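1. build me a model:
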Amino acid sequence: MAKLIHTMIRVRDLDASLDFYRQVLKLEPAHRLDFPEFSLVYLRNAENDFEIELTYNKGCEEAYSHGDGYGHVAVAVDSVAQKHAELVKAGFSPLPIKEFKVGDELLARFFFIQDPDGYKIEVLERHGHYR
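-> Just a heads-up that it's a prediction; the model follows:
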């Protein structure tokens, strides 16, 4: 059986991305590889063995195109309202909290935020399928 271990995104400003992921998702570098033309930084926290790999191509000035294929990365938190308030207080701009329901049944409570390169992150409350 295959085990998912990481997902990779390309970033233009490695320091800004490291700061964002540290503040927003509490992800810290677990492994780093520096080469003359690029750097790879693998981020995780104590809750995960799955990582986000930041790929920084040195000298790349233009924004990366996300095309129409990229969707988002999703994370789960205990309280969406608390996390949303923390991010607003810290100066970030998360989108409004939304609820996904079928009739009166709550399926998900969530909001989206974008990283410095425009990658979308869905922040879901731990509930039902999303744990």
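2. by contact count, what packs against the longest strand belonging to the chain?
-> The residue-count maximum for a strand in the chain (DSSP state E) belongs to strand 105-114. Using 3 or more Cβ pairs under 8 Å, 6 or more residues apart in numbering; DSSP states H and E as the contact definition, the elements that strand 105-114 packs against are helix 80-89, strand 98-102, strand 120-125. Any C-beta I mention is one placed from the backbone N, CA and C, and that applies to glycine too.
3. export those to a markdown table and tack on mean pLDDT, mean neighbour count and distance to Ile113?
-> Conversion of the helices and strands packed on strand 105-114 to a markdown table gives the following (pLDDT from 0 to 100; neighbours: other Cβ atoms under 10 Å; distance: least, Cβ to Cβ, whole Å):
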| stretch | mean pLDDT | mean neighbour count | distance to Ile113 |
| --- | --- | --- | --- |
| helix 80-89 | 98 | 15 | 7 |
| strand 98-102 | 95 | 10 | 13 |
| strand 120-125 | 96 | 19 | 5 |
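4. turn those into CSV, columns for distance to Ala63.
-> Supplementary listing: those in CSV, determined by distance: least, Cβ to Cβ, whole Å:
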stretch, distance to Ala63
helix 80-89, 23
strand 98-102, 27
strand 120-125, 15
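5. out of the ones you listed, nearest to Thr55?
-> In terms of Cβ to Cβ, the element of the helices and strands packed on strand 105-114 nearest to Thr55 is strand 120-125, at 17.1 Å.
6. partner strands of the closest one, parallel or antiparallel?
-> The pairing partners recorded for strand 120-125 under DSSP bridges are strand 73-77 (parallel), strand 105-114 (antiparallel).
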